[in-house]
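Peer 1: structure for the following, please:
(chains A and B)
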Amino acid sequence: GAVVSQHPSRVICKSGTSVKIECRSLDFQATTMFWYRQFPKQSLMLMATSNEGSKATYEQGVEKDKFLINHASLTLSTLTVTSAHPEDSSFYICSGSMASFGLYGGATQYFGPGTRLTVL
Amino acid sequence: AQKITQTQPGMFVQEKEAVTLDCTYDTSDPSYGLFWYKQPSSGEMIFLIYQGSYDQQNATEGRYSLNFQKARKSANLVISASQLGDSAMYFCALAWTGTASKLTFGTGTRLQVTL
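Peer 2: Sure thing, here's the model as predicted:
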């Protein structure tokens, strides 16, 4: 399957600082990348969808000024958590989407290994 | 509204036995894709299997097969010959044609494989 990397895998920061997380598709071009967050023992919640070269589309309730997403190329998207606070502590996972599947017209998402953010 | 339901929060299965993880969904859109992902304790989401709404045959991928019953709106995952390494969270997910592959996930089932 396709490979997606994330960096860093774990970050601990002080309240009020900003944290940048990188998501890279290593062996395919991801026209669309997605960012999710996952709280302990819960499912993934989509935060935003980003397409290369255009502004990200945020899900309802997600603060776009707090979670800045940049999709600079077909292989790189970044998520910056600005002025992080303890309630932003979570597991953040990105995914990249590639070729379509048949009549469905959609595409499988391949996920990165995730970044565990702890804000003190 | 788009909804995926996984009614089994936890399942146990003995090594080498088969297990079925349930998934039902709600949609009025005739064109959609169903996915199953595995999430081990490391956190990575691993793609297992895909079923398109128009696919005539149930999807299979190695030890994984999808029991797709379109009329019942169910897409159960069957794992044959369970292995200890299969212990993980399993998520069912659905994407609608008009949502640019945006996935909606179920709440997950934690599978524990025992000796």
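Peer 1: just the C-alpha atoms of stretch A:49-58, please, in PDB.
Peer 2: Extracted C-alpha coordinates of stretch A:49-58, given in PDB (Å, rounded to 0.1, in the frame of the first residue of the first chain):
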ATOM      1  CA  THR A  49      -9.700  18.600   4.000                       C
ATOM      2  CA  SER A  50      -6.900  20.100   2.000                       C
ATOM      3  CA  ASN A  51      -6.200  20.100  -1.700                       C
ATOM      4  CA  GLU A  52      -2.900  21.100  -3.100                       C
ATOM      5  CA  GLY A  53      -2.600  24.800  -3.900                       C
ATOM      6  CA  SER A  54      -6.000  25.800  -2.400                       C
ATOM      7  CA  LYS A  55      -7.400  26.700   1.000                       C
ATOM      8  CA  ALA A  56      -8.400  23.900   3.300                       C
ATOM      9  CA  THR A  57     -12.000  23.200   4.000                       C
ATOM     10  CA  TYR A  58     -12.700  22.900   7.700                       C
END
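Peer 1: hmm, who's touching that stretch?
Peer 2: Stretch A:49-58 is contacted by residues A:30-35, A:47-48, A:64, A:67, A:69-74, A:77, B:100, B:102 when judged by CB atoms under 8 Å, 6 or more residues apart in numbering or on different chains. Glycine gets a C-beta too; all of them are placed from N, C-alpha and C.
Peer 1: from the residues you listed, which land in strands?
Peer 2: Here DSSP state E is the test, and the contacts of stretch A:49-58 give A:32-35, A:47-48, A:67, A:69-73, A:77 as lying in strands.
Peer 1: give the contact list for the single nearest residue of chain B relative to chain A.
Peer 2: Residue nearest to chain A within chain B: B:M45 (3.7 Å; CB to the nearest CB). Neighbouring residues of B:M45 by CB under 8 Å, 6+ apart: A:L44, A:I93, A:S95, A:F111, A:G114, B:Y37, B:K38, B:Q39, B:F91.
Peer 1: for those residues, give me CSV that also has secondary structure, pLDDT and distance to A:P8.
Peer 2: Converted to CSV, the contacts of B:M45 look like this (DSSP: H, G, I helix; E, B strand; the rest coil; pLDDT from 0 to 100; distance: CB to CB, whole Å):
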residue, secondary structure, pLDDT, distance to A:P8
A:L44, strand, 94, 19
A:I93, strand, 97, 13
A:S95, strand, 94, 17
A:F111, strand, 93, 16
A:G114, coil, 96, 10
B:Y37, strand, 96, 23
B:K38, strand, 97, 23
B:Q39, strand, 96, 19
B:F91, strand, 97, 24
